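Colleague: the following comprises the amino acid sequence and a computationally predicted model.
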Amino acid sequence: MKLKSQINDVIKNAFVKAGIEHEPMSVTEATKPEFGDYQFNGAMALAKRLGKNPRQIAEMIMENLDFSGIVVKAQIAGPGFLNLWINPLWIAQQVQSALHDERLGVSKRENPIKVVVDYSGPNMAKQMHVGHLRSTIIGDTLANLLTFLGDEVIRQNHIGDWGTQFGMLIAYLEETDEDGSGSLKDLEQFYKDAKERFDADEAFADKAREYVVKIQSGDEHCLKLWQKFIDISLRHCEDVYDKLCVKLTRDDVKAESFYNKDLPEVIEELLEKNMLTKSDGAQCIFLEGEEIPVIVQKGDGGYLYATTDLAALRYRANVLEAKRIAYVVDARQGGHFKQVFKVAKESGFVPEDVKLEHIAFGTMMDKNGKPFKTRDGGTVKLIDLLDEAVVKAKGAIKDKEGYSKEEVEALAKIIGIGAVKYADLAINRESNYIFNWDKMLSFDGNTSLYMQYAYARIQSIFRKFNGEIKGDIVIGDALEHRLSVMLLRFEDMLESAADNATPNQITAYLYDLATLFMRFYEHNPILKEGVDEKTKMSRLQLADLTAKTIKQGLDILGIEVVDRL
RNA sequence: GCGCUUGUGGCUCAAUUGGAUAGAGCAUCAGACUUCGGAUCUGAGGGUUAGAGGUUCGAGUCCUCUCAGGCGUACCA
């Protein structure tokens, strides 16, 4: 249900009837209930151009409004706001049809496009740490969202599996534990040990350097070791993805090394296009208005990550045929992406009509606003953080007696992981955010627990009712009206969240919806005595669609619901 | 130095992309229960949106300057 565009149509027709020409303008949601359901502010904007006062224009529109369909009432207010009320009968119908639709009335895109979402991107030499959390879950949410809306989403996990450190790592692997079963349990420790060995023993260091060259030249033995190392490291990541309920699989992995064969071609094509300048021995692209060049080839002939990113962009635009490519990467790399995108367009690696986006996000901070670290100053391993979340969630479960031990485990996982994800997704992704266990595991406020509670509470109504729902929805009062309109806004909200890549729009919506439902439920009894059958049935259906919408919304965020908690 | 970015009640965050009296939660205070799950609901206090100018019918949002923080600044990714 594209509610907004339906109301826009009503306005547009009024403009046509009034004989006013104008570029399309959209209504917005009313800021207050007294102002109706939607408002149109265009009269003010048009006033100057038409040489009329805004209230006059608003009146012209109002006189030509069709009040026989969606809109039943309009009112001019203030300098020229046109407040609009939606027909409750129409709303009731729409809610009912949404309830009987698998997609809750959300339409599939008429013109779906191929979208690449690049996210997570762990480094195979190290364990995943908290820095990967945001990319992983924001990216996954965006991918889920676009998939739900009907786009063809290609998830891409651009893992870091290439570079000089792998020479050292595989040399150490060969020396200590060639099958990798034991010492690689903790990658962080493994890396530390290898580095120590590297610094202490000159012979080992030489071997490590030699192995770098050998992998790059395709030496079979070294490649085998390398592959083993990557496999084990990737399995660590998959444990994390699994715990996080993130949908990334091995099929989504396109590692850095995948683009190795393309790198010389990238340089060659840039040469042909006359875009390269040699500076201090390195191949550079100097962009207009940019002080620092993009270096694509080092003085020693080696390639850099800008080169790989260009190769990846080329692949994604031409082979994968993506029309939108979204990089969910830390905001600090903004400069890098700005430049690389520019080069990609200017060189023709990516056609003009392909949309390139850097979905930037801020850093995770501790309570004191400092970057999130362990007590002794190390990076926090993601897997440890998630395990802790589950332990803490167990403490939050009130009535443990009602469940078996396994049920408590399962519940704690859903609650704990959901809390971590929701807290992250609920804030504007571009700002840094402060990580706080107590806040995220609270039942109050805009948290996953509040949402899960709201859902469970509605399920409890249906357990108690345990009958067949029939009859029509009737909008009985202002709260039911507002709740219904909120439910119908679902698609508009999702579209906006998808366009801007802003998961916090989803959480904000869900929170508003749940809050509104709680108020509705407090004031409008459903199963209590004295509620007539028709009203009961109508309210049950509103509750049903609310629960389904919460569930669908959380599902897009990759968060599960439970019937009881 | 240059560039990017942020600054909103005590705290954590919103604000439909320039719209009406800047909204929530936490905390504080005051209410509502023989609970359709009170893990709820109703209400109150708390703001010169860092500061100063400007643009216009209208600015937290756009422009300029100042102050304060964060980040980035050519052969790591």
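Modeller: That came through fine.

Colleague: residues contacting the nearest residue to A:I86 once chain neighbours are set aside?
Modeller: Nearest non-adjacent residue to A:I86, counting by CB to CB, 6 or more residues apart in numbering: A:D37, 4.6 Å away. C-beta: built from backbone N, CA, C; applies to glycine. By CB atoms under 8 Å, 6 or more residues apart in numbering, A:D37 lies in contact with A:29-30, A:84-86, A:485.

Colleague: overlap between those and the residues near RNA strand B?
Modeller: Restricting the contacts of A:D37 to those touching RNA strand B (CB under 7 Å from any atom of the strand) yields A:29-30.

Colleague: which two in the contacts of A:D37 are spaced the farthest apart?
Modeller: A:E29 and A:W85 (12.8 Å; CB to CB).

Colleague: about what we covered before: A:G402: which of the contacts of A:D37 is nearest?
Modeller: Closest approach to A:G402 among the contacts of A:D37 (CB to CB): A:V485, at 36.9 Å.

Colleague: my guess is the closest one contacts A:N87. True?
Modeller: No - the pair A:V485 / A:N87 is not scored as a contact, 11.0 Å apart, by CB atoms under 8 Å.

Colleague: contact partners for A:S448?
Modeller: Each residue near A:S448 by CB under 8 Å, 6+ apart is listed here: A:415, A:418-419, A:421-423, A:440, A:554, A:559.

Colleague: against RNA strand B, how distant is the residue lying closest to it once chain neighbours are set aside?
Modeller: The shortest distance from A:S448 to any non-neighbouring residue, by CB to CB, 6+ apart, is to A:Y422 (3.5 Å). When distance is defined by CB to the nearest atom of the strand, to the nearest Å, A:Y422 is 12 Å away from RNA strand B.

Colleague: now find how far off-centre the one helix or strand A:Y422 maps to is within its chain.
Modeller: Using DSSP states H and E, A:Y422 maps to helix A:405-425. Once both centres are worked out by CA atoms, centre = their mean, to the nearest Å, helix A:405-425 turns out to sit 19 Å from its chain's centre.

Colleague: report the two of the contacts of A:S448 separated the most.
Modeller: For these, the maximum inter-member distance is 14.8 Å, found between A:M440 and A:L554 (CB to CB).

Colleague: just say helix, strand or coil for A:A326.
Modeller: On the three-state scheme (DSSP: H, G, I helix; E, B strand; the rest coil), A:A326 is labelled strand.

Colleague: so what's it closest to, chain neighbours aside?
Modeller: Nearest residue to A:A326, sequence neighbours excluded (CB to CB, 6+ apart): A:E357, at 4.7 Å.

Colleague: mind listing the strands the helix or strand hosting the one you found pairs with, and their directions?
Modeller: Per DSSP H and E: A:E357 is located in strand A:355-361. Partner strands for strand A:355-361, per DSSP bridges, with pairing direction: strand A:324-330 (parallel).

Colleague: so which residues of the stretch 251-400 of chain A form strands?
Modeller: With strands called from DSSP state E, counting those that start in this stretch, the stretch 251-400 of chain A shows them at A:277-279, A:282-285, A:294-297, A:324-330, A:355-361, A:364-365.

Colleague: in JSON lines: those strands, plus distance to RNA strand B and mean pLDDT.
Modeller: Output for these, formatted as JSON lines (distance: least, CB to the nearest atom of the strand, whole Å; pLDDT from 0 to 100):
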{"stretch": "strand A:277-279", "distance to RNA strand B": "4", "mean pLDDT": "94"}
{"stretch": "strand A:282-285", "distance to RNA strand B": "3", "mean pLDDT": "96"}
{"stretch": "strand A:294-297", "distance to RNA strand B": "4", "mean pLDDT": "96"}
{"stretch": "strand A:324-330", "distance to RNA strand B": "8", "mean pLDDT": "96"}
{"stretch": "strand A:355-361", "distance to RNA strand B": "9", "mean pLDDT": "95"}
{"stretch": "strand A:364-365", "distance to RNA strand B": "8", "mean pLDDT": "88"}
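
Colleague: let me know which of the ones you listed is the nearest to A:I427.
Modeller: Taking CB to CB as the criterion, A:I427 comes closest to strand A:355-361 out of the strands of the stretch 251-400 of chain A, the separation being 9.7 Å.
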